[in-house]
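1. Predicted coordinates and the sequence they were generated for:
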There are 2 protein chains.
Amino acid sequence: MLTISQLAAYAGVTVRAVRHYHQIGLLPEADRDASGYRRYGAKAVVSLIKIRILANAGVPLAQIGQMLQADAATFAEAVQRIDSRLHDEIERHETSRKQIAQLAAGDSLALPPEVISYLDLLREIGVGERMVEAERDGWILVVAAWPEDIPAVMAAKSAQLDDPQLVRLYRILSEIIENDDTGDDDPRLAQAADIMAGLAEQAYTSGEINPDEVSHDELPIDLLDALAVESDPRAERLLDLMRERGWAGWHRMERLAEPPD
Amino acid sequence: MLTISQLAAYAGVTVRAVRHYHQIGLLPEADRDASGYRRYGAKAVVSLIKIRILANAGVPLAQIGQMLQADAATFAEAVQRIDSRLHDEIERHETSRKQIAQLAAGDSLALPPEVISYLDLLREIGVGERMVEAERDGWILVVAAWPEDIPAVMAAKSAQLDDPQLVRLYRILSEIIENDDTGDDDPRLAQAADIMAGLAEQAYTSGEINPDEVSHDELPIDLLDALAVESDPRAERLLDLMRERGWAGWHRMERLAEPPD
DNA sequence: TGCAGGGTTGACGCAGCGTCAGGGTCAAGT
DNA sequence: ACTTGACCCTGACGCTGCGTCAACCCTGCA
């Protein structure tokens, strides 16, 4: 008669596994000797080896019992199920691998290449790293909300950088953000507001701002505004300055009915 | 401000996941409104999306926090680790798939083809299904104990089936096993013992039984004997009859010093 | 006012064991 | 007889990433 560790060794499993199989009823409890030790015969070794083979093949323990008693057809069917389950698992892991490969490659966090290039463009025109990171966070929101629109959106955005006014705006904003010790009275805030108002006016008259266009959900855009304010409270001041100039919103501008004065 | 379900929807995760991330400290707990509801800003959405991206890429939650703060080098190193972990997982699943493919193909339980053929040989010479299964269980033990010796062992075993005496022995044993209502006095037990003694004598004189040979561990062979006895108690009687004829053991014979009479 | 559809915490469940903790037992050496 | 080291026992928590109740509170609408 064998002790549990001998049994386990012959079958190539751990003692703990044997006890676990007892517990879940997969391997019948063995008789005990005078001192309460489990004692096993040769049949137990065979059973345990069968269990190990199926378990190694990826069969869930809960199914092994039935499979060992099933007829050939049922057995084959079960094998089919296991196999497709393993197949799915493999595919899931492989897509995961592709995703982490992207993580390792890109600027960071698997943003699409169009966005990465845009961020690089910003760096090239002299935008500081803090602001680039803030931009990136914004684009993370956009990508999550409308992933399929990214190529078109990014093409338009990149083209806009040809406008020297926009470049100036970015640089000014960058300077503000990079100095986190200036307050709401930083004169550059007014400069930025002036440029933004000018650009908005221009876009509006050329028809690029269409008040009836509700192509996308509103909320993500509000989120973008909120993100700016949360990231730097001076954004709130900037919004005020814009309102003074007759514009509401930030990431989607709206002309106010009557510019207050 | 967003509720938890809005936050979850924007980030593409479940509410339960968000709460879980709070619990493990991955996502900082949000401020509560007057009625105790969590309220989230845009930054939380960004954080949660980042978490989701890493989690989908197979990064363990426990590491995501560090990765989001790590510098590029540390990040890349972590990515490396994750990737090789995923790689291992995939390989493990693929070997599992190969194994279940074997399970589906073979006689059963992934025995090597040599054993399968041997069992088929037994069927061909008229051995009944019960006995074939008993044989199979025995071979499961042998395969588990000495997997690399199987081709040689099976070749020898198959060759021995050319001996008409051995074939007779198998048939007699099969008849005994197939009738489970005969007792210890079945005359076929004596017949079988006679043949076995003759075969043993023959093997001994031709030098096939070498008393000094201890090529393998003893215990698995004892297990084979024990398995026979456990499977059919009449095996015990057969061992007695063999001892009367001057032989001890079953799967490895030993000549007794003095045949008792 | 009632109801549907949010929100809250707390807890168990899942798969397959690993790994203590806190005992008793066995075999061998001194 | 005693110690020592190697095993045995049961019971219980831990791991991973949430899903899924339960039992209760809050809010907005008809």
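-> Sure, I can see it. Numbers count the residues shown, from 1 in each chain, chains lettered A, B, ... in the order given.

2. Is stretch A:17-36 in proximity to DNA strand D?
-> Yes: among the residues of stretch A:17-36, A:19, A:36 lie within reach of DNA strand D under CB under 7 Å from any atom of the strand. C-beta coordinates here come from the backbone N, C-alpha and C atoms, glycine included.

3. Could you list the buried residues of that stretch?
-> A:17-18, A:21, A:26-27, A:30 (16 or more other CB atoms under 10 Å in any protein chain shown).

4. Using CSV, lay out those residues together with secondary structure.
-> Below are the buried residues of stretch A:17-36 laid out as CSV (DSSP: H, G, I helix; E, B strand; the rest coil):
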residue, secondary structure
A:A17, helix
A:V18, helix
A:Y21, helix
A:L26, coil
A:L27, coil
A:A30, coil
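
5. and of those, the nearest to B:W139?
-> Minimum distance to B:W139 across the buried residues of stretch A:17-36 is 20.4 Å, recorded for A:L27 (CB to CB).

6. Could you double-check that A:I172 lies in contact with A:P187?
-> No: in this structure A:I172 lies outside contact range of A:P187 using CB atoms under 8 Å: 10.2 Å.

7. And the strands in chain A?
-> Assignment of strands within chain A using DSSP state E yields the ranges A:31-32, A:38-39, A:247-248, A:254-255.

8. So for the longest helix belonging to chain A, what gets flagged as buried?
-> With DSSP state H applied, the helix covering the greatest number of residues in chain A is identified as helix A:72-105. Neighbour counts using 16+ other CB under 10 Å place A:75, A:78-79, A:82-83, A:85-86, A:89-90, A:92-93, A:96-97, A:99-100, A:102-104 of helix A:72-105 among the buried residues.

9. And for stretch A:181-197?
-> By 16+ other CB under 10 Å, the buried positions in stretch A:181-197 come out as A:186, A:188-189, A:191-197.

10. just checking, which of these belong to helices?
-> Secondary-structure check on the buried residues of stretch A:181-197 using DSSP H: residues within helices are A:188-189, A:191-197.

11. TSV for those, including pLDDT and distance to B:L7?
-> Rendered in TSV, the data for those read as follows (pLDDT from 0 to 100; distance: CB to CB, whole Å):
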residue	pLDDT	distance to B:L7
A:R188	93	34
A:L189	93	30
A:Q191	93	35
A:A192	94	30
A:A193	94	31
A:D194	94	36
A:I195	94	34
A:M196	94	29
A:A197	92	33
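
12. returning to that earlier point: closest to DNA strand C out of the buried residues of stretch A:181-197?
-> Looking at these and their distance to DNA strand C, the nearest is A:M196, at 34.8 Å (CB to the nearest atom of the strand).

13. roughly how far apart are the closest one and A:S117?
-> Relative to A:S117, A:M196 is positioned 24 Å away (criterion: CB to CB, to the nearest Å).

14. go on, A:K50?
-> Relative to A:S117, A:K50 is positioned 58 Å away (criterion: CB to CB).

15. Comparing the two, which shows the higher neighbour count?
-> Each of A:K50 and A:S117 has its neighbours counted (other CB atoms under 10 Å in any protein chain shown); A:K50 has more, 20 against 13.

16. these two touch, right, that one and A:M67?
-> No: proximity of A:K50 to A:M67 does not meet the contact threshold set by CB under 8 Å, at 9.3 Å.

17. For the stretch 101-250 of chain A, list the residues in contact with chain B, please.
-> For the stretch 101-250 of chain A, the contact set with chain B under CB under 8 Å from any CB of the partner chain comprises A:101, A:103-104, A:108-110, A:137, A:140-141, A:144-145, A:219-220, A:223-224, A:226-227, A:230-231.

18. can you tell me which residues contact the residue nearest the centre of chain A?
-> Nearest residue to the geometric centre of chain A (CA atoms, centre = their mean): A:L109, 7.7 Å. For A:L109, the contact set (CB atoms under 8 Å, 6 or more residues apart in numbering or on different chains) comprises A:103, A:136, A:140, B:50, B:53-54.

19. Going by distance to A:D162, which of those wins?
-> So of those, ranked by how close each gets to A:D162 (CB to CB), first place is A:R136, at 21.7 Å.

20. For A:A34, give me phi and psi.
-> Phi and psi for A:A34, reported as degrees, to the nearest 10, are phi -60, psi -30.

21. try A:I24
-> Here A:I24 shows phi and psi, under degrees, to the nearest 10, equal to phi -90, psi 10.

22. ok so, going back, mind checking which of the residues of the stretch 101-250 of chain A next to chain B are buried?
-> Buried subset of these (neighbour count, 16+ other CB under 10 Å): A:103-104, A:108-110, A:137, A:140-141, A:144-145, A:220, A:223-224, A:226-227, A:230-231.

23. what subset of those residues is also close to DNA strand C?
-> Applying CB under 7 Å from any atom of the strand to those, none is adjacent to DNA strand C.

24. Inside helices: which ones of those?
-> With helices identified by DSSP H, the entries of these that belong to them are A:103-104, A:137, A:140-141, A:144-145, A:220, A:223-224, A:226-227, A:230-231.

25. Pull the most distant pair out of those residues.
-> Checked with CB to CB, these reach their widest spread between A:A104 and A:A226, with 31.1 Å between them.

26. pLDDT score for whatever residue of the stretch 101-250 of chain A ends up closest to DNA strand D?
-> Of all residues in the stretch 101-250 of chain A, A:L103 sits closest to DNA strand D, at 15.6 Å by CB to the nearest atom of the strand. According to the predicted model, the pLDDT of A:L103 comes to 86.

27. Leaving out the residues flanking it, which one is nearest to it?
-> Spatial nearest neighbour of A:L103, chain neighbours left out: A:A110 (5.3 Å); criterion: CB to CB, 6 or more residues apart in numbering or on different chains.

28. Help me confirm that that neighbour comes into contact with A:A101.
-> No: applying CB under 8 Å as the test, A:A110 and A:A101 come out as separate, 9.4 Å apart.

29. What count of nearby residues applies to the closest residue to A:R130 other than its chain neighbours?
-> Distances taken as CB to CB, 6+ apart place A:I177 nearest to A:R130, at 5.2 Å, with adjacent residues excluded. A:I177 has 21 neighbouring residues, counting by other CB under 10 Å.

30. Would you mind measuring from A:I177 to B:L161?
-> Counting by CB to CB, the gap from A:I177 to B:L161 is 87 Å.

31. Which pLDDT does the model give the residue lying closest to A:L223 once chain neighbours are set aside?
-> Spatially, and ignoring its direct neighbours in sequence, A:L223 is nearest to B:A42 (4.6 Å; CB to CB, 6+ apart). What the model reports as pLDDT for B:A42 is 94.

32. same thing with A:L111?
-> The model reports A:L111 with a pLDDT of 89.

33. go on, A:R252?
-> You'll see A:R252 listed with a pLDDT of 82.

34. A:S215 too?
-> In this prediction, A:S215 has a pLDDT value of 51.
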